[in-house]
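# Fold the following, please.
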Amino acid sequence: MANPLVGIFRVKELRERVFFTFIMLVVFRIGTVLPVPGINVHDLNAYFQSQQNSGNAFVDYLDFFAGGAFSNFSVFMLGIMPYISMSIIMQLLLIVFPSLKKLSQEEGGRKKIHMYQRYGTVVVCLIQSFAVTQYAQSISRSPNMEHLLMMPLVPFSLLAMLTVTVGTLLLMWMGEQITKRGIGNGISLLIFAGIVARLPHALWQLFARVRSGDLNIIFVMVVFVMFVAVVALVVFEQQGQRKIPVNYAKRVVGRRMYGAQNTYIPFKINPSGVIPVIFASSILTFPLQIASTIGGNVPWLAAVSRVLAPHGFLYNILYVLLIIFFAYFYTQVSLNPIEIAKNIRENGGSIPGIRAEHIEKYLTKILNRIVLPGSLYLALIAIIPSLIQWMFNFPSSISYLMGGTSLLILVGVDLDTMSQIESLLKMHNHEGLTKRGRLRGRNL
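Here you go, the predicted structure:
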């Protein structure tokens, strides 16, 4: 049992969880290559092959989150992003409407909120899938693409909308099952698997461009050094925390007296993890997809599509602002200073040097000081793909996968999954994955 990797497969519960997660990810990867009914796969591949040299940042951007499913026009082409978009909308509605907030706190209310969120996901999927059918129609009007659609437009649109919507709902169910019966957070793991699956293709493209002379080998080496440095910085930042000391006085509970305790509240340097990056990407993906797919028929949508180009100046400004906003928003939702201060006072605790009535203000000030540099750090890493493309003329398909967003998601999900495995190993009296056992998970 000296090898913790062997221990994973010797513990029955952990082995079953890992196997179940693996099966779900295999089903996900199979679904990314199954095309929707009515699409001529040969013509579709020929079209995107012709677009590869000129570059299609919009398709590469959507493929990044869907694991290549969008360019395959597969049943999972929308990925899990509609569900994430609806999750953000529901969280905002809980803040705007007190009645919904009250409902979520009642017994059984959380199930109703979750049900509303699922219904909203269906609506978002129908809107995005309709935009996808319009995009397929625009491709069919390209030269030599008249046989792309193998059935009339109206039946194809209805069938494709139904297929793609059901595909996203299936992904949503798979993510929930992985969280419940597998290892790690299911939704995050699906995004993680899509990014990892695209890495071999991106590396092969990079090698082909270097061999053909389109990319300078020195620039490639510089980018790889940046890649390793960013991974190290992400791991360091994800593990960092600020400890707030809390002292508890002696107290009597029933017939027992509990002695004084000195503990601390661990505030992460980045409390929200990779959630702000995923949320910001999801919010920008929705209008970008609508504008890019229907833009050929509507002039003002075409203008929006050009302005919101994934590597454009306005896009990156909005991306940074949304990351900062969701960093503060999610931190306030997950770490409410009012609730923390209330729990400290009710349990007879105090923070050294801070009066009881000022605990809320003190915790709020600490969180604000932590979240601002943490969110700016996330934003800086997230725009690395754009910087790589501007500075070294890297293709978008490669810069996305080697850039900051992918690194944040890969490292964050990996740390969370490893921490869960380590907890299960220690629960069964085995050593963790690391000798020091300092892996700290985060809610993704």
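# Going by C-alpha atoms from here, please, whenever you check contacts or count neighbours.
OK.
# where are the low-confidence patches of the protein?
Within the chain, the stretches with pLDDT under 70 are 1-7, 51-58, 238, 250-260, 292-298, 301, 310-311, 385, 392-404, 428-444.
# Any idea which residue is closest to the centre of it?
I278 (3.8 Å; Cα atoms, centre = their mean).
# Could you measure from that one over to S406?
Note on I278: its distance to S406, by Cα to Cα, to the nearest Å, is 10 Å.
# Now do the shared contacts for those two.
Shared contacts of I278 and S406, defined by Cα atoms under 8 Å, 6 or more residues apart in numbering, are absent.
# Which stretches in the stretch 1-150 of the chain count as helices?
4-10, 12-31, 41-54, 57-66, 81-96, 98-105, 109-140 (DSSP state H, counting those that start in this stretch).
# ditto for the stretch 301-444 of the chain
Assigned by DSSP H, counting those that start in this stretch, the stretch 301-444 of the chain shows helices spanning 313-334, 337-346, 359-382, 384-392, 396-402, 404-427.
# I'd like the helices of the stretch 1-150 of the chain laid out as TSV, including mean neighbour count and distance to N336.
Converted to TSV, these look like this (neighbours: other Cα atoms under 10 Å; distance: least, Cα to Cα, whole Å):
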stretch	mean neighbour count	distance to N336
helix 4-10	16	36
helix 12-31	17	32
helix 41-54	14	47
helix 57-66	23	30
helix 81-96	18	13
helix 98-105	14	15
helix 109-140	19	19
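# of all the helices of the stretch 301-444 of the chain, which lies closest to V59?
helix 396-402 (8.9 Å; Cα to Cα).
# buried sites along stretch 152-167?
156-157, 159-167 (16 or more other Cα atoms under 10 Å).
# List of residues touching that stretch?
36-38, 74-78, 122, 125-126, 129-130, 133, 137, 149.
# ditto for stretch 11-20
Counting by Cα under 8 Å, 6+ apart, 8-9, 178, 181-183, 421, 424-425, 428 sit against stretch 11-20.
# now for these, which pair is the farthest apart?
Across those, the longest distance by Cα to Cα is 20.9 Å; it joins I178 and H428.
# Compare these two and say which is more crowded by neighbours.
Taking other Cα atoms under 10 Å, I178 and H428 do not tie; I178 has more neighbours (24 against 13).
# Need the helices of the stretch 1-150 of the chain in a markdown table (columns: distance to K365).
Formatted as a markdown table, these follow (distance: least, Cα to Cα, whole Å):
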| stretch | distance to K365 |
| --- | --- |
| helix 4-10 | 41 |
| helix 12-31 | 40 |
| helix 41-54 | 49 |
| helix 57-66 | 35 |
| helix 81-96 | 21 |
| helix 98-105 | 25 |
| helix 109-140 | 30 |
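# how about the ones you listed, which one is nearest I359?
helix 81-96 (23.5 Å).
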